[in-house]
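Asks: whatever this is, show me its structure:
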Amino acid sequence: MSTRIAFLKGHGTENDFVIIPDPENTVELSPAAVAALCDRRAGIGGDGVLHVVRSAAHPEAREMAAEAEWFMDYRNGDGSIAEMCGNGVRVFARYLQHAGHVTEGDLAIATRGGVKTVHLAKDGDVTVGMGRARLPEGEVTVSVGRHSWPARNVNMGNPHAVAFVDDLADAGDLYSPPPFSPAAAYPDGVNVEFVVDRGPRHVAMRVHERGAGETRSCGTGACAVAVAAARRDGADPSVSGSPVTYTVDVPGGTLVITERPDGEIEMTGPAVIVAEGAIDAEWLETAAG
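Replies: Numbering: from 1, shown residues only. Predicted coordinates:
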């Protein structure tokens, strides 16, 4: 391992990430190393790590290499592996543009949730094709303190429980995962979104992200919220034949989510690279101890 490892810092609606460029997949990132990097006091700080690897160089992505040159090896802030991260994909694409690997326009990015289509617009916004939502059947309940709410089970390649509440403050501090039932609904844990209405097809949310705690934004969560809100409001593009768009306010900004009649969901929002530098490899090795 070299004595210094290049990194960048970026965010999408204040969902922030440590970016590790590693085209040939030579940097070993153990769960402990990722957690150390994401530590906001003793490390760089972030909600997660975007490990930038060529698909052909990563065993989990080689079969996607013909469709997408680059693989987003995403890790949550606690070091656990996640299937997808919507804000992360936008920041990942912005990094590829920043590094000169791609230009404005369309590209494909491989993720553990499949190959995602991305459009880099001239105005700085990034649109990501997030795939289709699955709506598993069965009642789900989430709780905070003495309060409990029914939640909509939405899967965006990762699991979500969407609860509509009267006040976002009802969600509490969201440091710890909100309890849910039945346990069988989410055997590997779940991202929990608490949602209030702001206006016609306009909602606001807070989220506890599995493996990260409360974050300033969650892209897959915003998509899950838009789908849950649409179904609650009686809108289903597959039935009506017309797309449905919701504006979703998150603590870190605003995302625009569109569900098309074919089921494909598109998310549009900003993505910013804010800094770059080098990690001391000896520190990382010691911190990952």
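Asks: residue contacts, the residue nearest the centre of the chain?
Replies: Geometric centre of the chain, nearest residue: Cys85, 2.4 Å, by C-alpha atoms, centre = their mean. Neighbour list for Cys85: 15, 48, 72, 74, 219-220 [criterion: C-beta atoms under 8 Å, 6 or more residues apart in numbering]. In short, each C-beta sits where N, CA and C put it, glycine included.
Asks: again, only this time at 6 Å
Replies: Tyr74 (C-beta atoms under 6 Å, 6 or more residues apart in numbering).
Asks: ok, it to Pro237 distance?
Replies: As defined by C-beta to C-beta, to the nearest Å, Cys85 lies at a distance of 24 Å from Pro237.
Asks: what's the answer for His202, then?
Replies: For His202, the distance to Pro237 - C-beta to C-beta - is 18 Å.
Asks: those two: which is more packed in?
Replies: Pro237 (20 against 14; other C-beta atoms under 10 Å).
Asks: now that one: how far from Val195?
Replies: Counting by C-beta to C-beta - Pro237 and Val195 are separated by 19 Å.
Asks: circling back to that earlier point, quick one, phi/psi of the residue nearest to the centre of the chain?
Replies: phi -150, psi 110 (degrees, to the nearest 10).
Asks: Leu50 contacts Val18, doesn't it?
Replies: No. Taking contacts as C-beta atoms under 6 Å, Leu50 lies outside contact range of Val18: 7.2 Å.
Asks: quick one: Gly189 and Arg210 touch, right?
Replies: Yes. Contact criterion C-beta under 6 Å: Gly189 and Arg210 qualify, at 4.5 Å.
Asks: between those two, which is the more surrounded one?
Replies: Ranked by neighbour count (other C-beta under 10 Å), Gly189 and Arg210 place Arg210 first, with 21 against 14.
Asks: just list the residues touching the more buried one, thanks.
Replies: 189, 191.
Asks: also the one 5 residues further on?
Replies: For Thr215, the set of contacting residues under the criterion of C-beta under 6 Å, 6+ apart consists of 15, 47, 209.
Asks: how about the nearest residue to the last one, chain neighbours excluded?
Replies: Taking C-beta to C-beta, 6 or more residues apart in numbering as the measure, Glu209 lies nearest to Thr215, with 4.9 Å between them; neighbours along the chain are not counted.
Asks: distance of that neighbour from Glu266?
Replies: Applying C-beta to C-beta to Thr215 and Glu266 gives a distance of 21 Å.
Asks: so Gly221 makes contact with Val192?
Replies: No. With contact defined as C-beta under 6 Å, Gly221 does not count as touching Val192 (8.6 Å).
Asks: what count of nearby residues applies to Met64?
Replies: Met64 - counted by other C-beta under 10 Å - has 21 other residues nearby.
Asks: got phi/psi on it?
Replies: Taking degrees, to the nearest 10 as the convention, Met64 sits at phi -100, psi 0.
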